[in-house]
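*Asks:* have a look at this fold, sequence not included:
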């Protein structure tokens, strides 16, 4: 088995797509070298790194082609289609002999060797770290050299870093002469296909807004991408969609929709230790401040890790639901101080950008000014530290009293809508969460 890894060939402004490059390489391997292509892998790396081109996807092709033949074909294809004129695009290519085994869905590993000598542990560790951490080209080069792999880098060669629970994506590509023109996709057929396959196929449409989530808005060769839990199902949905002609299709094994980017904060410490910018976390705590809607429609709320220390100490992490998350912001606005939640998302400039959260415990009471038990009128303050007094009949009360509050939220998980979900985030409808779910469709 030979593994071809490519990454960082696309551009935010110019388009292109590394999946398209992988599909072209696979096609040439089949046609020119009569090689078998066992699978195409699409691995979403750490979505929080600032130097990513677009979706931060790394691609791998598993084939029985000779490594040197595979290297030459892949290098020629990168030269032909990579957007190297973009200063942010720094392609990388790695070709490795070996027999990696794709781990069954639900496992957290990226790849695991069937032969301990086939894939060095340092390479497997590096692949896992690339999904959650920050790595350097120098680190990638060192591991490539130690393993004796073939490699090439264009410009800074940053793409060599990514060349590495699985889901599937069937991507349909446009005819080359149509790239850059408006896409022609029949919306009614997309919704019909999405409804027929839901929930095995997810994030195809946003039923609340009517958005075709599977159809990109950026320039590039992709016509639509269908994501789901089985290869057969994503193929079937793709074929049901009525559209302009499709040049080629490819099915990728991928870590999309798995939450592979999230890491747990240290639960042994009552603060938020080790929560760093440029990484994504699950953190738990108590809502410390009332949600605040700021300019631009962004909603912010403070999460406290500790509120009951003897010295009153409290460590807080600011969480935010930004305007593109749309109706999800209403769920965040429904939070109240004292609610206990688990929040998930990327940390940037000290703020956790919410992708989903779980309500663990709701604060269902509030302190209010007491009413007079005799005349039913609201009492007034009797002065600092003196409680409350009814001005009509003189009845007194020591302080405020608790009153039950009606809550819109329920215990369980809430998430951003499909049109706002990042590639690697796990939709609630995929299941296996530790509390009831309230999925967005």
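*Replies:* That came through, no problem. Worth saying up front: this structure is predicted, and the values here are computed from it rather than measured.

*Asks:* could you chop the protein up by domain?
*Replies:* As assigned by automatic domain parsing, the chain contains the domains 2-160, 167-254, 262-364+406-438, 365-404.

*Asks:* same list (those domains) but as CSV, adding mean pLDDT and mean neighbour count.
*Replies:* Placement of C-beta: from N, CA and C, glycine included. Putting the domains of the chain into CSV (pLDDT from 0 to 100; neighbours: other C-beta atoms under 10 Å) gives the following:
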stretch, mean pLDDT, mean neighbour count
domain 2-160, 68, 19
domain 167-254, 96, 18
domain 262-364+406-438, 88, 18
domain 365-404, 80, 13
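
*Asks:* what helix or strand is residue 21 on?
*Replies:* helix 18-32 (DSSP states H and E).

*Asks:* can you name every helix or strand that whatever helix or strand comes next after that helix contacts?
*Replies:* Toward the C-terminal end, the helix or strand that comes next after helix 18-32 (DSSP H and E) is strand 37-44. Taking 3 or more C-beta pairs under 8 Å, 6 or more residues apart in numbering; DSSP states H and E as contact, the helices and strands that strand 37-44 lies on are helix 18-32, strand 57-63, helix 121-132, strand 246-254.

*Asks:* hmm, try it at 10 Å
*Replies:* With contacts defined as 3 or more C-beta pairs under 10 Å, 6 or more residues apart in numbering; DSSP states H and E, strand 37-44 has these neighbours: strand 2-7, helix 18-32, strand 57-63, helix 121-132, strand 167-174, strand 246-254.

*Asks:* residue 396: which of these is closest?
*Replies:* Evaluated over the helices and strands packed on strand 37-44, closeness to residue 396 peaks at helix 121-132, with 58.6 Å, by C-beta to C-beta.

*Asks:* measure residue 380 to residue 395 for me?
*Replies:* In this view, residue 380 and residue 395 are 11 Å apart by C-beta to C-beta, to the nearest Å.

*Asks:* whoops, residue 33 was the one
*Replies:* Residue 33 sits at a distance of 93 Å from residue 395 (criterion: C-beta to C-beta).

*Asks:* what does residue 252 give?
*Replies:* From residue 252 to residue 395 the distance is 72 Å (C-beta to C-beta).

*Asks:* with residue 240 instead?
*Replies:* Distance of residue 240 to residue 395, computed by C-beta to C-beta: 71 Å.

*Asks:* for residue 419, give me phi and psi.
*Replies:* Main-chain torsions, residue 419, degrees, to the nearest 10: phi -70, psi -10.

*Asks:* list the contacts of it.
*Replies:* With contact taken as C-beta atoms under 10 Å, 6 or more residues apart in numbering, residue 419 is in contact with 203, 205-206, 208-213, 324-326, 440.

*Asks:* thank you kindly, that will do.
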